[in-house]
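Engineer: mind looking at a prediction? Sequence and model below.
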Amino acid sequence: MKVIIVGGVAGGASAAARIRRLDETAEIIVFERSGHVSYANCGLPYYIGGAITDRSELTLQTPESFYERFRIDVRVHHEVTAIDPAGKTVSVTDLETGESFTESYDKLLLSPGARPSMPDLPGMDPDRIFTLRTVEDTLAIRGYVEREKPRSAVIAGGGYIGLEAAENLHEMGIRVTIVQRPEQVMKPLDPEMASFIHNSLREKGVDLILGRSVKGFRHTDDGIDVLLTDEAPISADMVLLAIGVTPDTGLAETAGLEQGMKGSIIVDDRMETSVPDIYAAGDAVEVKHYVTGTKTLIPLAGPANKQGRIAADNICGGDSRYRGSLGSSVIKVFDMTVANTGINEQTAKKAGIDCDKIYLSPPSHATYYPGGSMMTMKIIFEKGSFRLLGAQIVGYEGVDKRIDVLATAIHAGLTAVDLKELDLAYAPPYSSAKDPVNMAGFMADNIKTGTMKQFFTEDIEELPRDGSVTLLDTRTPEEYSGGAVEGFMNIPLDSLRESVHEIPQGKPIYVMCQSGLRSYIACRILSQKGFDCHNFSGGYRLYASAKYDKAASRRTRPCGMDR
């Protein structure tokens with residue numbers, strides 16, 4: 001059996017190695033357009049910033065190591081330019097010599113990945129405007145920074161690459177401005193969760209211009225002006241375009257393969273395309289979302305590697321199936337860790353799912369053990385069934401551990417209430433006896449049994465201030481004086497029992513504290529004394545973060561901001 005693989009990064013490299021492990025006699029040829037194979041896309045920004053110092057560490061394998069270990073013929077700087085499905089051949093060009101030739105195949109795997117989205121804008125200058133997708137891109141940016149010593153950079157896009165690049169350029173002493181067309185960075189998060197990232201970025205000195213688009217560039221004697229919609233231009237020394245990626249599927253289109261959203265390649269659950277004996281994997285393929293069942297694009301390394309393995313199994317006569325993608329991800333943003341899995345609240349509502357949510361702000365480990373930090377968790381679930389739909393966590397240590405548990409729970413079909421039953425590892429340096437994931441389960445159980453009723457940040461402004469309801473803040477006087485929501489009276493939790501007579505009977509009562517825990521305890525006290533009590537999920541810290549973010553986003557950036 002002769003197998004041709006187009007693309008030698010995540011999906012292609014995984015498939016090649018798997019095929020060899022399953023079939024020692026197969027002839028395997030990998031064609032890779034760039035000069036590197038099996039490289040770590042996700043590590044590229046950290047080479048720019050110097051966290052990774054040896055460029056060789058960016059590549060997990062080389063053509064030589066692939067051959068030595070697996071006897072796989074890997075040819076870099078080779079571009080497949082056409083596919084003949086009827087004749088089962090591919091046309092290839094050696095980019096170093098210009099020579100073109102054809103190669104036959106029994107099985108073909110397409111793993112071309114995705115290319116950076118490049119808008120057709122005036123003033124595109126390859127000398128100062130960069131993208132970041134390949135090792136070559138990384139070396140070009142690093143070389144420019146070392147050679148030209150830029151003082152300022154504009155990053156168009158606030159996704160994974162944009163945020164990681166912002167951190168690494170900032171660490172090199174470059175003033176960074178992120179321009180993002182949506183009103184928030186990290187679109188997998190809901191806006192109130194993204195507010196924590198916004199506020200942290202501003203504290204680090206990164207400028208944010210949200211809700212604006214780049215409409216072009218104007219070159220100056222000493223830099224480049226970034227032209228924006230409804231905003232004054234920004235002067236900078238360099239620009240990084242990180243506005244997303246587009247499936248690189250020109251080959252598939254000309255070969256007549258069935259295509260899906262954004263020109264992606266449609267595959268079945270065996271990763272086989274509409275043409276027999278042609279498989280596809282990675283960022284170029286359309287996949288099923290594990291939660292909603294809808295078609296989507298999830299250009300992440302984890303799914304790409306799994307898809308490559310599944311395609312390899314089936315190429316070798318197996319019957320492996322890809323059940324869908326959850327989109328689980330984690331990112332380091334300076335000292336903060338941000339993670340998500342499944343779908344967010346906005347996506348659930350667009351999909352017509354009647355969903356509910358809980359927020360909690362647990363410590364990363366036992367509070368009596370030094371060094372702990374607080375995280376903010378949001379769990380989304382379906383009303384009635386309590387089916388887990390997704391989770392988002394923003395914090396510091398311990399975030400990755402919890403998101404992986406929650407991703408596993410979603411994949412296994414657990415409900416939000418089932419989380420309380422999980423037997424998770426505990427020792428004071430790592431967790432609490434009631435792990436944050438367990439705590440989320442306890443909260444879901446309280447909602448299911450009617451022990452707790454909630455209200456949320458978006459409800460605050462709608463609460464009447466005419467005396468028809470009681471608004472209560474159970475934080476300490478010191479906390480309350482440091483900032484409170486208009487209309488909320490202050491009775492600290494620890495004196496609530498002695499002060500119940502101050503609260504009017506017969507009116508609904510809405511209670512908040514700093515994180516949601518003390519207000520829940522207050523609600524249990526008040527509910528058992530006949531009050532109709534509602535707990536503010538997420539606490540004042542969530543409300544304050546979202547409110548501060550909105551206020552900061554409304555501030556006008558001075559015109560002609562210098563570099």
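Structural biologist: Yes, it's here.
Engineer: in three-state terms, label residue 196 for me.
Structural biologist: Under DSSP: H, G, I helix; E, B strand; the rest coil, residue 196 falls in the helix class.
Engineer: now the strands for the stretch 251-400 of the chain?
Structural biologist: 265-266, 278-280, 285-288, 295-296, 329-333, 336-342, 355-360, 376-382, 388-395 (DSSP state E, counting those that start in this stretch).
Engineer: if you average the pLDDT over stretch 337-345, what comes out?
Structural biologist: Here stretch 337-345 scores 98 as its mean pLDDT.
Engineer: chain center to it, what's the gap?
Structural biologist: When distances are taken as CA atoms, centre = their mean, to the nearest Å, stretch 337-345 is centred 7 Å away from the chain's centroid.
Engineer: tell me the contacts of residue 520?
Structural biologist: Neighbour list for residue 520: 446, 452, 535 [criterion: CB atoms under 8 Å, 6 or more residues apart in numbering]. Any C-beta I mention is one placed from the backbone N, CA and C, and that applies to glycine too.
Engineer: can you lay out the residues you listed as JSON lines showing distance to residue 268 and secondary structure?
Structural biologist: Below are these laid out as JSON lines (distance: CB to CB, whole Å; DSSP: H, G, I helix; E, B strand; the rest coil):
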{"residue": "446", "distance to residue 268": "43", "secondary structure": "helix"}
{"residue": "452", "distance to residue 268": "44", "secondary structure": "coil"}
{"residue": "535", "distance to residue 268": "47", "secondary structure": "strand"}
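Engineer: tell me how far residue 530 lies from residue 108.
Structural biologist: 72 Å (CB to CB, to the nearest Å).
Engineer: of the two, which one has the most company?
Structural biologist: Using other CB atoms under 10 Å as the criterion, residue 530 and residue 108 rank with residue 108 on top: 26 against 10.
Engineer: what's the helix or strand for that one?
Structural biologist: strand 107-110 (DSSP states H and E).
Engineer: ok, residue 124 touching residue 218?
Structural biologist: No - the criterion here is CB atoms under 8 Å, and residue 124 misses it with residue 218 at 11.4 Å.
Engineer: for this structure, what helix or strand is lowest in average pLDDT?
Structural biologist: Least confident helix or strand of the chain, by mean pLDDT, DSSP states H and E, is helix 44-49 with a mean of 85.
Engineer: off-centre distance for that helix?
Structural biologist: Relative to the mean C-alpha coordinate of its chain, helix 44-49 is positioned 18 Å out (CA atoms, centre = their mean).
Engineer: packing partners of it?
Structural biologist: helix 135-148, helix 160-171 (3 or more CB pairs under 8 Å, 6 or more residues apart in numbering; DSSP states H and E).
Engineer: so where's the stretch 451-563 of the chain shaky on pLDDT?
Structural biologist: Scanning the stretch 451-563 of the chain for pLDDT under 70 picks out 555-563.
Engineer: now the spatially most central residue of the chain: how far from residue 339?
Structural biologist: Nearest residue to the geometric centre of the chain (CA atoms, centre = their mean): residue 329, 5.0 Å. Separation of residue 329 from residue 339 (CB to CB) stands at 7 Å.
Engineer: just give me the neighbour total for the nearest residue to residue 70 once chain neighbours are set aside.
Structural biologist: Closest residue to residue 70 apart from its sequence neighbours, by CB to CB, 6 or more residues apart in numbering: residue 20 at 4.3 Å. By other CB under 10 Å, the residues close to residue 20 number 20.
Engineer: mind checking how far residue 20 is from residue 72?
Structural biologist: From residue 20 across to residue 72, the span is 6 Å (CB to CB).
Engineer: common neighbours of the two, please.
Structural biologist: Common neighbours of residue 20 and residue 72 (CB under 8 Å, 6+ apart) are residue 28.
Engineer: where does residue 499 fall, secondary structure wise?
Structural biologist: helix 496-499.
Engineer: now swap in residue 239 and tell me
Structural biologist: strand 238-241.
Engineer: buried ones in the helix or strand that that strand is followed by?
Structural biologist: Scanning forward in sequence from strand 238-241 by DSSP H and E, the next helix or strand is strand 245-247. Using 16 or more other CB atoms under 10 Å as the test for burial, strand 245-247 gives 245, 246, 247.
Engineer: could you dump these to a markdown table with pLDDT and distance to residue 85?
Structural biologist: A markdown table is the format used below for the buried residues of strand 245-247 (pLDDT from 0 to 100; distance: CB to CB, whole Å):
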| residue | pLDDT | distance to residue 85 |
| --- | --- | --- |
| 245 | 91 | 26 |
| 246 | 92 | 23 |
| 247 | 94 | 19 |
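Engineer: so which of those is the closest to residue 395?
Structural biologist: residue 245 (27.6 Å; CB to CB).
Engineer: that closest one reaches residue 118, doesn't it?
Structural biologist: No - taking contacts as CB under 8 Å, residue 245 lies outside contact range of residue 118: 10.2 Å.
Engineer: residues in contact with the least confident helix or strand of the chain?
Structural biologist: 52-53, 55, 58, 132-135, 137-138, 141-142, 145, 161, 164-165, 167-169, 171-172.
Engineer: now the helices for the stretch 351-500 of the chain?
Structural biologist: Using DSSP state H, counting those that start in this stretch, the helices of the stretch 351-500 of the chain run over 399-411, 436-449, 477-481, 496-499.
Engineer: and the second one, what does it pack onto?
Structural biologist: By that I understand helix 436-449. strand 355-360, strand 376-382, helix 399-411.
Engineer: the second one pairs with which strands, and in what direction?
Structural biologist: When you say that, I think you mean strand 376-382. strand 355-360 (antiparallel), strand 388-395 (antiparallel) (DSSP bridges).
Engineer: run through the protein and note the low-pLDDT ranges.
Structural biologist: Across the chain (using pLDDT under 70), the flagged ranges come out as 40, 555-563.
Engineer: 90 - rerun?
Structural biologist: Along the chain, the model assigns pLDDT under 90 to residues 10, 35-62, 115-128, 133-138, 219-223, 230-231, 244, 550-563.
Engineer: tell me the phi and psi of the residue lying farthest from the centre of it?
Structural biologist: Residue farthest from the centre of the chain, counting by CA atoms, centre = their mean, is residue 501 at 48.5 Å. Per-residue torsions, residue 501: phi -60, psi -20 (degrees, to the nearest 10).
Engineer: and it, how far from residue 169?
Structural biologist: 59 Å.
Engineer: again, but for residue 478
Structural biologist: 39 Å.
Engineer: what about those two, which has more around it?
Structural biologist: More neighbours surround residue 169 than the other of residue 478 and residue 169, with 24 against 8 (other CB under 10 Å).
Engineer: so the more buried one sits against residue 177, correct?
Structural biologist: No - with contact taken as CB under 8 Å, residue 169 and residue 177 are classed as non-touching, separated by 10.5 Å.
Engineer: spit out the residues that contact those two alike.
Structural biologist: 153, 155.
Engineer: now for residue 85, how many residues are close by?
Structural biologist: Residue 85, neighbours per other CB under 10 Å, totals 17.
Engineer: typed the wrong thing, it's residue 457
Structural biologist: Burial of residue 457 is recorded as 21 neighbouring residues (other CB under 10 Å).
Engineer: check the gap between it and residue 512 for me.
Structural biologist: In terms of CB to CB, residue 457 sits 10 Å off from residue 512.
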